[in-house]
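[1] Here's a sequence, model it:
(chains A and B)
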There are 2 protein chains.
Amino acid sequence: MGKRYLFTPGPTPVPPEVLAAVGAPVIHHRSPEFLPVYERVLTRLRDVCRTENDVLLFGSSGTGAFESAVANLVSPGEPHLVVSAGSFGDRWVAMTTAYGADVDVLRYAWGETPDADDLRARLREREAKVVWLVHSETSTGVVADVQALAAAAKEAGALVVVDAVSSLGAVPCETDAWGLDVVVAGSQKALMCPPGLGLAAVSEAALGATGSSPRFYFDWERTRKAQQTLDAPVTLPVSLVTGLDVALGLLFEEGLEAAFERHVRLGRAARAGVKALGLELFSPDEDRSAVVTAVRTPNGFDATDVVKGVRDRFGMTIANGQGEFKGKIFRLGHIGWFDVFDITTQLAAVEIVLADLGADVERGVAVTAALEAFETQPVS
Amino acid sequence: MGKRYLFTPGPTPVPPEVLAAVGAPVIHHRSPEFLPVYERVLTRLRDVCRTENDVLLFGSSGTGAFESAVANLVSPGEPHLVVSAGSFGDRWVAMTTAYGADVDVLRYAWGETPDADDLRARLREREAKVVWLVHSETSTGVVADVQALAAAAKEAGALVVVDAVSSLGAVPCETDAWGLDVVVAGSQKALMCPPGLGLAAVSEAALGATGSSPRFYFDWERTRKAQQTLDAPVTLPVSLVTGLDVALGLLFEEGLEAAFERHVRLGRAARAGVKALGLELFSPDEDRSAVVTAVRTPNGFDATDVVKGVRDRFGMTIANGQGEFKGKIFRLGHIGWFDVFDITTQLAAVEIVLADLGADVERGVAVTAALEAFETQPVS
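    As a prediction, this is how the structure comes out:
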């Protein structure tokens, strides 16, 4: 029968209503049919980002949204500071370096959680035009305390840019309340759409600090001006925008706070199941890290075999570790269109595969532990 | 009932088989399910471009593919020459200028056809690192003789970059045989897909001539290296790539030469119908310009009323003129998934709307004229 399960932390599963919209006949990006869709998406993106600022929409992956921030804010030779504790922090380093910034890196080991006091101290040593942050480091499962980090950056007079690709819509990201100048994200994570749309919420301060690097496709001012009259600057991926409109409708039907609570409970369920199996968590055992749960493979076993095992036997796609953690950890996604049974299904499959590989896992308890943990209500 | 017709020269109508693939459940961009799709698409794109070179695929509009060429080939201060006879030629000017090139423009009035001898003369006056061409100038309906233009550029030692966004798959574009160093295109024209994918066929000479402008998302070398192992450099818009795979399958089922012939006959049908109505063609009355047929509105009438009329009365989207030709011309698209009845439907609707506006059009003959013209076989 070949039933398939997509459980990676991006792309994520897409609800059938959204798929139907994505597969609907194409309409013109400047037609009266599309303009209300475009307008509603831009408004709802502001609501998701919790901002009064414009949210600029690009036909690109999340990396394209990253580049919009770098291309607009970095001029060669300027001092910039990246906080990196994983693969996506390193992407900020690679990209700001490619644009000629004088890049300082506050670097943590993969899996560590960045600390606001460390940032404060580093900014006392050297000023930075922009502090580049990662909200949810998808490579490790750590969700940083962006509110505290942003406050430290603001004290030093720096602009704050946040990669919220895998966090936006899953965990709170208060763009305006936390003073985030730029928040970038993509369509294919908690926004429950296929990949292909990038977005950037951009403050007036950021728009006033744009630099000399050449740009056209990702130029903020050009895009913003076009959006103000709903006159798309280029041919937008209308199918994906139409899908995003439906997906954001579903998200607001649930309610953003309810979605955040659900992700907290999904994270609790995943961690409880992992612990019941007798496995060691790589990502933090805390409510904030509710996006992806990273698990250490037992000593002597290779995460690649786990990933391959659930794929070959059950048609299930989960994520391996990245970089030097490939083979050492596997990652259970719970971003976006997930309920608790997507967690129990992952746990049950991993349990069978690890046991058959000969690993010493506790049998028959993980699913129940996950279901019980899911029932506990968040306090906040 | 609200039946709708998309007749613009991009986005273009998408076959239902392609829509079904686009709306299928999302698969992971590095999964064993996706890799054969990705590989087949990359191979078929080489076949469509008639090249042995790599075709690089980006999650972007056609403008993003433009930018990949500019960002990789332009360094500040270098001499470049753009041949412009319309909106998309002007886009090359805007973009190469944004990247700091010293841009010379061989400029024609909108609607004129660029001439290889003019280019030859201009290149004798001043050398250029790259000559930037437009194959099908969608704003005017002119398809340039890129083979002759490229030969002139090559004689002067320049690299040749071609915007083939609206021509690729509709009219012959012989990348290798004509010595085109870079051919850029998008998914949403004759490739019969929704917008959201850009592509660039890139020669070894072009790869060897990359410059100092900063880039990451559109970097050729990074993308090429990743494609060689099918390890997508970013999260690709998998839904659109899967759709493109199906669409390219349909195109090769028809056969590329057969598709070119069909477009020639569609263009003949459109022009014959327009002339039978007693209207004046804006685009050339020649087989090569087989992509979009631009028509002058009769004196005293506004093309905007024609576009609005067919939309409001018949749910039909055709294109207005762009720039200073807005209101003066309207454009009948026939790129991609079109047969002759899509032409006769456009003609019939335009005939009714113009007559009701009070224009002096010949009634009752355009559809038949178009059908007859469609039957004449191309000689080549």
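[2] ok, which stretches of the stretch 201-350 of chain A are strands?
    A:280-281, A:292-296, A:316-317, A:319-320, A:329-333 (DSSP state E, counting those that start in this stretch).
[3] for the stretch 51-200 of chain A, same thing?
    Using DSSP E, counting those that start in this stretch, the strands found in the stretch 51-200 of chain A span residues A:54-59, A:79-84, A:102-107, A:130-134, A:136-137, A:142-143, A:159-163, A:182-186, A:197-202.
[4] Show me the one of the ones you listed that comes nearest chain B.
    Within those, the stretch nearest chain B is strand A:54-59; the backing value is 5.0 Å (Cβ to the nearest Cβ). Yep, even glycine has a C-beta here, placed from its N, CA and C like the rest.
[5] residues making contact with the closest one?
    A:41-42, A:45-46, A:49, A:64-65, A:68, A:196-202, A:217-218, A:220, A:223-224, A:227-228, A:234-237, A:240-241, B:59-61, B:64, B:195-196 (Cβ atoms under 8 Å, 6 or more residues apart in numbering or on different chains).
[6] Tell me which of the strands of the stretch 51-200 of chain A sits most buried.
    strand A:136-137 (a mean of 32; mean count of other Cβ atoms under 10 Å in any protein chain shown).
[7] Please export the C-alpha coordinates of stretch A:178-198 as CSV.
    Taking C-alpha atoms only, stretch A:178-198 is exported to CSV below (Å, rounded to 0.1, in the frame of the first residue of the first chain):
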residue,chain,number,x,y,z
TRP,A,178,10.6,41.9,21.9
GLY,A,179,12.0,44.7,19.6
LEU,A,180,13.1,42.3,16.8
ASP,A,181,14.0,44.4,13.8
VAL,A,182,13.9,41.6,11.3
VAL,A,183,12.3,38.2,11.5
VAL,A,184,12.7,35.8,8.6
ALA,A,185,10.8,32.6,8.0
GLY,A,186,9.6,30.2,5.3
SER,A,187,6.3,28.6,4.3
GLN,A,188,7.3,25.0,4.9
LYS,A,189,7.4,24.6,8.7
ALA,A,190,4.8,25.6,11.2
LEU,A,191,2.9,27.6,8.5
MET,A,192,1.9,24.2,7.1
CYS,A,193,2.6,24.9,3.4
PRO,A,194,4.9,23.4,0.8
PRO,A,195,8.4,25.0,0.5
GLY,A,196,8.8,28.0,-1.9
LEU,A,197,7.9,31.1,0.0
GLY,A,198,10.2,33.2,2.2
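[8] next one: that stretch to chain centre, how far?
    In terms of Cα atoms, centre = their mean, to the nearest Å, the centre of stretch A:178-198 is found 7 Å from the chain centre.
[9] Kindly report the same for stretch A:302-317.
    How far stretch A:302-317 lies from its chain's middle: 23 Å, per Cα atoms, centre = their mean.
[10] Then stretch A:184-200?
    Chain-centre distance of stretch A:184-200: 9 Å, with Cα atoms, centre = their mean.
[11] and it, average pLDDT?
    Model confidence over stretch A:184-200 averages 98 on the pLDDT scale.
[12] how long is it from one end to the other?
    Using Cα to Cα, to the nearest Å, one end of stretch A:184-200 lies 4 Å from the other.
[13] And chain B, is that stretch touching that?
    Yes - applying Cβ under 8 Å from any Cβ of the partner chain, one finds stretch A:184-200 in contact with chain B at A:Gly186, A:Gln188, A:Pro194, A:Pro195, A:Gly196.
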